[in-house]
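> Take a look and give me a structure for this.
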Amino acid sequence: MGDYFICPNCGAEVSMKALACPECGSDEDTGWSEDTMYDGMDLPEVGTSNTRSKTSLFQNKYFLYIVAILALLAFVWIYVL
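Okay, here's the model as predicted:
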């Protein structure tokens, strides 16, 4: 087979003498963990999102209400006169 093995985490070829996988960073200490592949990448924690804050959502909601009321008033104004 040669002097390498397949990393159980990412499938890369790893030298038998290597202390960790060169692709994902998994090693014996981490148990060839899937999380090791993402260490040091400054990714957001699971469950967090990069969506707009609640305040901006409420501001947009009220803006839509105001636009709808103004459109309704314009419609009524046109048909009353």
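> residue ranges for the helices of the protein, please.
Ranges of helices in the chain, per DSSP state H, are 54-80.
> Can you give the domain ranges for it?
Domain assignment of the chain by automatic domain parsing yields the ranges 1-40, 52-81.
> Can I get the ones you listed in a markdown table including mean pLDDT and mean neighbour count?
In short, each C-beta sits where N, CA and C put it, glycine included. Shown next, in a markdown table, are the domains of the chain (pLDDT from 0 to 100; neighbours: other C-beta atoms under 10 Å):
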| stretch | mean pLDDT | mean neighbour count |
| --- | --- | --- |
| domain 1-40 | 76 | 14 |
| domain 52-81 | 80 | 9 |
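> Can you tell me how far residue 14 is from residue 71?
According to C-beta to C-beta, to the nearest Å, residue 14 and residue 71 sit 64 Å apart.
> same check, this time on residue 12
Residue 12 is 59 Å from residue 71, by C-beta to C-beta.
> same thing with residue 26?
58 Å.
> now residue 78
11 Å.
> Residue 6 bridge partners, please.
Beta-bridge pairing of residue 6 under DSSP bridges involves residue 13.
> Contact partners for it?
By C-beta atoms under 8 Å, 6 or more residues apart in numbering, the contact list for residue 6 reads 12, 13, 14.
> Just want the phi and psi numbers for the first one.
In terms of degrees, to the nearest 10, the main-chain angles of residue 12 are phi -80, psi 160.
> What's the separation between it and residue 25?
Going from residue 12 to residue 25 by C-beta to C-beta gives 10 Å.
> and if you look at the second one?
When C-beta to C-beta is the yardstick, residue 13 and residue 25 sit 15 Å from each other.
> and residue 71, what is it in contact with?
Contacts of residue 71 by C-beta under 8 Å, 6+ apart: none found.
> Quick check: nearest residue in space to residue 15, chain neighbours excluded?
residue 4 (5.3 Å; C-beta to C-beta, 6 or more residues apart in numbering).
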